[in-house]
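Undergrad: Have a look at this prediction, sequence included:
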Amino acid sequence: MFAFLAISVFLLCCEVQARMECGYGLFLTQSDCSQKGLNCTMEEGDGVHESWLKGQKHEPSPPKSLNLSIQYREDKDGDGSAWLQVHWEVNQDGSIRWLKGAEILIASKEARQKRVLFHFHGNFTSQTNPAGRNWAFMFNDFRVREFAQYTVIISHLPINQLHRDQNYIKKSITVPGCKNEIMKRTWPCKIRGASCEVNLAAKTMEESTHISFTTGSYFTSHNVTICDCRGCDTQVQHHKGIHDRRKTVVKNYTAHHGCSLNVTVCPIAACREITCPCARSHADTSSTWSLMKLAVIIVPPAFLLLIIIVCVIRIKRRHKGKTIGNHCCNSSGDRLTDRHISPDLQLHLYPHPIVLLVYSLDHHTYKDAVLALASLLQAQIEVSVSLNLWSSADVSQHGLTAWLHGQWEAVITQGGHVLVLCSHAGFLKWQGLHSWETTPSLP
């Protein structure tokens with residue numbers, strides 16, 4: 001029963017996330033990115049490139065001249081969308097002979113990040129393309145939504161293990177709203193009336209006034225409000241074909257002599273299954289209502305179950321030890337704070353057995369992985385996690401090896417254990433600073 005509730009809540013969250021991302025994101029229309037003088041293929045990446053885990057003897061220089069823009073494209077049904085266009089160049093130097101590909105990471109607050117890998121087949125025969133310019137590449141298969149902000153990070157492959165922070169180029173862009181000339185042509189903006197041109201016209205005859213306007217391609221009906229000195233009258237004009245543009249005439253409106261007319265035409269959009277961002281007009285809301293009922297049924301019992309599990313774990317493991325995180329292999333001396341840890345706690349404050357996490361802080365991705373591990377330990381065995389920061393002053397006074405050895409002794413004397421987590425780049429840095437003969441043995 002408990003497993004069923006947990007799985008149901010997980011599927012519910014996945015469905016909600018999928019609804020938020022539906023219609024936007026990565027849509028690879030082709031895999032060929034070749035150009036004259038170079039064979040190239042691209043694919044959606046489902047994991048990190050192998051060079052993140054295995055160092056190479058030679059690495060290329062980072063990309064340059066990253067440019068982001070928004071372009072308009074129509075699909076086979078004639079519906080327009082906004083797409084992110086990414087363009088960058090390759091440095092004109094000798095390292096191009098080691099360039100094997102590129103990694104594009106697109107991240108936003110509204111959706112999960114997407115990764116695209118470019119694979120260059122064969123070696124570059126020249127530092128410039130056949131036209132004599134820098135080699136340049138473009139990617140434009142990412143559909144964006146209005147007002148969303150996207151960050152694009154491009155790294156050349158293989159990754160430079162020793163200088164990862166300088167091996168990429170990053171840039172952000174905010175998609176404009178429907179008032180923008182490009183965005184107003186897109187389907188989501190059209191159904192909001194951003195580019196509606198009704199061509200309203202009124203002609204007074206002997207005893208009546210003829211009112212005509214052009215029906216929009218994305219509207220199934222129009223509210224026509226006619227006001228004169230006697231009051232206002234609203235009529236609804238319905239149309240069968242939403243892609244038909246034709247003249248509609250409201251006839252036989254009796255005009256009152258001496259009165260001026262004020263005519264307002266308001267188009268009403270027909271919401272489609274995916275692209276409609278609202279619940280107005282004649283949209284089908286049965287699927288949304290089913291999702292709400294499912295949430296009402298599942299969420300309260302699941303929340304109660306979660307509270308019970310947390311209480312049981314806290315009672316059974318109240319006297320468990322505490323974990324301390326310690327990072328090394330970074331001589332920058334920068335202070336680091338994170339929501340998982342508290343840097344104010346020191347080793348000598350813990351009377352219980354402790355675990356010292358020694359990890360290399362050479363890349364933000366690796367740091368996040370270590371912090372996630374610490375959070376997992378904290379959640380599963382109820383330990384308090386803190387960070388004993390790298391102290392440049394202490395290292396300068398006592399020496400790098402002596403300082404780390406002192407941290408190790410502080411843990412061992414309290415009956416604790418040491419877990420060393422070091423990335424490949426951090427291992428190379430550590431090995432370069434100290435030979436293995438002078439490095440203390442950490443159990």
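TA: Okay, I see it.
Undergrad: and residue 120, what are its bridge partners?
TA: Here residue 120 sits in beta bridges with residue 40, going by DSSP bridges.
Undergrad: do the same with residue 71
TA: Bridge pairing for residue 71 - DSSP bridges - gives residue 83.
Undergrad: What number of residues are in the vicinity of residue 182?
TA: Residues contacting residue 182 under the criterion other C-beta atoms under 10 Å number 15. All C-beta atoms are positioned from the backbone trio N, CA, C, and that covers glycine.
Undergrad: thinking it is in contact with residue 73, fair?
TA: No: counting by C-beta atoms under 8 Å, residue 73 is not a contact partner of residue 182; they are 10.5 Å apart.
Undergrad: Helices along the chain, start to end?
TA: Using DSSP state H, the helices found in the chain span residues 2-21, 187-190, 286-316, 364-381, 392-398, 400-412, 424-433.
Undergrad: Now the weakest link among the ones you listed, please, by mean pLDDT.
TA: Ranked on mean pLDDT, the bottom entry among those is helix 2-21, at a mean of 45.
Undergrad: Who are the contact partners of residue 168?
TA: For residue 168, the contacting residues are 62, 63, 153, 154, 155, taking C-beta atoms under 8 Å, 6 or more residues apart in numbering as the criterion.
Undergrad: Kindly recompute the last result at 7 Å.
TA: Taking C-beta atoms under 7 Å, 6 or more residues apart in numbering as the contact definition, residue 168 lies against 62, 153, 154, 155.
Undergrad: and what of residue 74?
TA: Counting by C-beta under 7 Å, 6+ apart, residue 74 has contacts residue 80.
Undergrad: Any figure for the gap between it and residue 176?
TA: Plainly put, residue 74 is 19 Å away from residue 176 if you go by C-beta to C-beta, to the nearest Å.
Undergrad: Show the pLDDT at the residue nearest to residue 109 when sequence neighbours are not counted.
TA: Closest residue to residue 109 in three dimensions, ignoring its sequence neighbours and counting by C-beta to C-beta, 6 or more residues apart in numbering: residue 149, at 6.8 Å. Note on residue 149: pLDDT of 93.
Undergrad: Tell me the spacing between residue 142 and residue 224.
TA: Applying C-beta to C-beta, the value for residue 142 to residue 224 is 41 Å.
Undergrad: What is the neighbour count of the spatially closest residue to residue 60 that is not a sequence neighbour?
TA: Spatially, and ignoring its direct neighbours in sequence, residue 60 is nearest to residue 99 (4.0 Å; C-beta to C-beta, 6+ apart). Look at residue 99: counted by other C-beta under 10 Å, it has 21 neighbours.
Undergrad: So what does residue 99 look like in phi/psi?
TA: Backbone dihedrals for residue 99, given as degrees, to the nearest 10, come out at phi -70, psi 120.
Undergrad: Next, the contact list for it, please.
TA: With contacts taken as C-beta under 7 Å, 6+ apart, residue 99 has the following neighbours: 60, 90, 120, 124, 156.
Undergrad: And for residue 143?
TA: 24, 25, 27, 81, 82, 83.
Undergrad: Quick check: the closest residue to residue 176 other than its chain neighbours vs residue 266, distance?
TA: Take residue 176 and drop its neighbours on the chain: the residue closest to it by C-beta to C-beta, 6+ apart is residue 183, 5.5 Å away. For residue 183, the distance to residue 266 equals 21 Å [C-beta to C-beta].
Undergrad: Show me which of the two is the more surrounded one.
TA: In this comparison of residue 183 against residue 266, neighbours counted by other C-beta under 10 Å, the higher total goes to residue 183 at 24 against 15.
Undergrad: CSV please, covering the contacts of residue 143 and showing pLDDT, distance to residue 106 and neighbour count.
TA: CSV is the format used below for these (pLDDT from 0 to 100; distance: C-beta to C-beta, whole Å; neighbours: other C-beta atoms under 10 Å):
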residue, pLDDT, distance to residue 106, neighbour count
24, 80, 11, 20
25, 83, 9, 17
27, 86, 12, 13
81, 90, 16, 20
82, 92, 14, 25
83, 94, 12, 18
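Undergrad: And those residues, which is closest to residue 366?
TA: The shortest gap between residue 366 and any of those belongs to residue 25, at 26.6 Å (C-beta to C-beta).
Undergrad: contacting residues around the closest one?
TA: Taking C-beta under 7 Å, 6+ apart, one finds 111, 114, 142, 143 in contact with residue 25.
Undergrad: ok, 10 Å please
TA: Shown in contact with residue 25 (C-beta atoms under 10 Å, 6 or more residues apart in numbering): 106, 108, 110, 111, 112, 114, 141, 142, 143, 144, 145.
Undergrad: among these, who's most crowded?
TA: If you count neighbours using other C-beta under 10 Å, the busiest of the contacts of residue 25 is residue 144, which has 24 neighbours.
Undergrad: Quick check: that one vs residue 183, distance?
TA: When C-beta to C-beta is applied, the distance between residue 144 and residue 183 equals 10 Å.
Undergrad: cool, and residue 149?
TA: 15 Å.
Undergrad: try residue 411
TA: Here the distance between residue 411 and residue 183 works out to 58 Å (C-beta to C-beta).
Undergrad: per-domain residue ranges of this protein.
TA: According to the domain assignment given by automatic domain parsing, the chain is divided into the following structural domains: 1-22+288-316, 25-185, 197-269, 322-433.
Undergrad: surely residue 419 meets residue 408?
TA: No: the pair residue 419 and residue 408 does not pass the contact test of C-beta atoms under 10 Å, sitting 11.5 Å apart.
Undergrad: More neighbours: which of those two?
TA: When residue 419 and residue 408 are compared for neighbours, residue 408 comes out ahead with 20 against 15, by other C-beta under 10 Å.
Undergrad: Tell me how far that one lies from residue 188.
TA: Taken as C-beta to C-beta, the spacing of residue 408 relative to residue 188 amounts to 58 Å.
Undergrad: Show me where the stretch 101-250 of the chain dips below the pLDDT cut-off.
TA: Within the stretch 101-250 of the chain, the segments meeting pLDDT under 70 span 161-166, 192-199, 205-208, 215-220, 235-250.
Undergrad: how about the strands of it, start to end?
TA: Along the stretch 101-250 of the chain, counting by DSSP state E, counting those that start in this stretch, strands occupy 101-108, 114-121, 136-143, 149-157, 168-174, 201-204, 208-214, 219-228, 231-238, 247-254.
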